[in-house]
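Engineer: Output the structure for:
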Amino acid sequence: MRGLKEYATEYAKMAFYKPSALEREIGICPMFAGRMVAKPHYQTIPRTYSYYILQFVLDGQMMFRAGGEPVYLDKGDMFCLFPEKTVQYGVIPEKPQLQLIWFGLEGEGVGSLLQSVGIKEERPYARRACSHGIPGMLHQLLDEFLLLKSGSTSYYRWISKLYEVFDQLVIARPPGAANSREKNSYAWIKESETFMSMHYNEDISVQDVADYVGIHRSHFTVAFTKLLGISPGQYLLRLRMTNGARLLEETDFSITEIALSLGYSDIFAFTRAFSNYYRMPPSVYRSNRRIEQEQAGPLRSDAPMPG
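Structural biologist: Numbers count the residues shown, from 1 in each chain. Next up, the predicted model:
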């Protein structure tokens, strides 16, 4: 077995890496990587691991058990050993030519990365994940890991290769697997609210929001309006207007600066939208609020306290 070291139950090659503090803060850290060719009697004992270990079946067939009934995985499938979860796996005697390649990962971002390709604790495997071309990319990722360990390449180059693998894994997922949701689930409504709250000042449209959550625009608009009592377009407008009003009250930014900070192309578009929403131009709104504040005056030190 060229390049592999012989062990009692396998031929394998593995290397370890110690990530830096910065790499740990980024949230996806390579810890170790390797590949193996199993001997006919290869079996692991039930055990737990401290890291995520993402594995790909390059050849053969295997049994995999993670707390429940065993599942049988074939060439092209992938599975993950989750931290602190008991697992056991090994060859099937009828098809002993098992070959695996694996990557040990650590960090807060790993779980979300795995979820993007359908790998979760309750179902830690995916069938037919490795389409044509992915096995070669996995070998390149392993080679890049060895260079990372030796200091011959950078963490950023390695993680870019990892993202390329996941990009292909997403593309290779069966039709309808991406963005799958229960029919009566509106979890994506919350996702859309979060997206709009983060990006309302970047001239996003309702179509951009629908594309982000992976829902057809018409269905997205109807469901959003039914659940929240306001259309997504009105929701976006409300975010822009309430934040525009806040900036008029709390800052000395010019109206042009406020318009641009809210994603409007010019002061005229903002003034028109603001006037329709508040029934007065932004300049009048600012003037009225400042008059109200002056009339209220500072709180007198000898004023009686409430209660």
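
Engineer: Quick one: the strands in the protein, in order.
Structural biologist: Ranges of strands in the chain, per DSSP state E, are 5-6, 10-16, 29-38, 52-59, 61-65, 71-74, 78-81, 88-91, 99-106, 125-126.

Engineer: Describe which strands the longest one pairs with in its sheet and in which direction.
Structural biologist: According to DSSP bridges, the neighbouring strands of strand 29-38, each with its direction, are strand 10-16 (antiparallel), strand 99-106 (antiparallel).

Engineer: which one of those is the most hemmed in?
Structural biologist: Compared across those, strand 99-106 shows the largest average neighbour count, a mean of 21 (mean count of other C-beta atoms under 10 Å). Every C-beta, even on glycine, is put in place using the N, C-alpha and C of the backbone.

Engineer: thinking again about what came up before, indicate which one of the strands paired with strand 29-38 is closest to Ile189.
Structural biologist: Nearest to Ile189 among those is strand 99-106 (31.1 Å), distances taken as C-beta to C-beta.

Engineer: Could you tell me the angle between the closest one and strand 61-65?
Structural biologist: Between strand 99-106 and strand 61-65, the angle comes out at 30 degrees (axes from the mean of the first three to the mean of the last three C-alpha atoms, to 10 degrees).

Engineer: Now do the domain split for the protein, please.
Structural biologist: With domains defined by automatic domain parsing, the chain comprises 5-172, 187-295.

Engineer: just to revisit the earlier point, out of the strands of the chain, which is the most enclosed?
Structural biologist: strand 78-81 (a mean of 24).

Engineer: what residues are up against the nearest residue to Tyr278 once chain neighbours are set aside?
Structural biologist: Spatial nearest neighbour of Tyr278, excluding adjacent residues (C-beta to C-beta, 6 or more residues apart in numbering): Tyr285 at 5.8 Å. If a contact means C-beta atoms under 8 Å, 6 or more residues apart in numbering, then Tyr285 has Ala245, Leu248, Phe274, Tyr278 as its contacts.

Engineer: Can you select the buried ones from those in ChimeraX?
Structural biologist: Buried members of these, defined by 16 or more other C-beta atoms under 10 Å, are picked up in ChimeraX with:
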select :245,248,274,278
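
Engineer: And the strands paired with strand 29-38: which comes nearest Leu73?
Structural biologist: Per C-beta to C-beta, nearest to Leu73 of the strands paired with strand 29-38: strand 99-106, 9.9 Å.

Engineer: Okay, angle between that closest one and strand 52-59 too, please.
Structural biologist: 170 degrees.

Engineer: okay, strand 99-106 in CSV with CA atoms only?
Structural biologist: C-alpha atoms of strand 99-106 as CSV (Å, rounded to 0.1, in the frame of the first residue of the first chain):
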residue,chain,number,x,y,z
GLN,A,99,-11.3,2.8,1.7
LEU,A,100,-11.9,6.0,3.7
ILE,A,101,-10.5,9.5,3.7
TRP,A,102,-11.2,11.7,6.7
PHE,A,103,-10.7,15.2,8.2
GLY,A,104,-10.8,16.1,11.9
LEU,A,105,-12.4,19.5,12.4
GLU,A,106,-13.0,21.7,15.4
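
Engineer: Output the strands of the chain in CSV; the columns should cover mean pLDDT.
Structural biologist: Below are the strands of the chain laid out as CSV (pLDDT from 0 to 100):
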stretch, mean pLDDT
strand 5-6, 92
strand 10-16, 94
strand 29-38, 95
strand 52-59, 95
strand 61-65, 91
strand 71-74, 90
strand 78-81, 95
strand 88-91, 92
strand 99-106, 96
strand 125-126, 92
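
Engineer: For those strands, give me TSV that also has distance to Met198.
Structural biologist: Conversion of the strands of the chain to TSV gives the following (distance: least, C-beta to C-beta, whole Å):
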stretch	distance to Met198
strand 5-6	49
strand 10-16	38
strand 29-38	26
strand 52-59	27
strand 61-65	38
strand 71-74	38
strand 78-81	29
strand 88-91	41
strand 99-106	27
strand 125-126	30
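
Engineer: quick one: which of those is nearest Ile45?
Structural biologist: For the strands of the chain, the distance to Ile45 is smallest for strand 88-91, at 6.8 Å, taking C-beta to C-beta.

Engineer: from the chain's centre, how far out does the closest one sit?
Structural biologist: Remark: strand 88-91 is offset 30 Å from the chain centroid, using C-alpha atoms, centre = their mean, to the nearest Å.

Engineer: Which strands or helices does it pack on?
Structural biologist: Other helices and strands packing on strand 88-91, by 3 or more C-beta pairs under 8 Å, 6 or more residues apart in numbering; DSSP states H and E, are strand 61-65.

Engineer: The strand it packs on: partners in the sheet, and parallel or antiparallel?
Structural biologist: Here, using DSSP bridges, strand 61-65 pairs with strand 71-74 (antiparallel), strand 88-91 (antiparallel).
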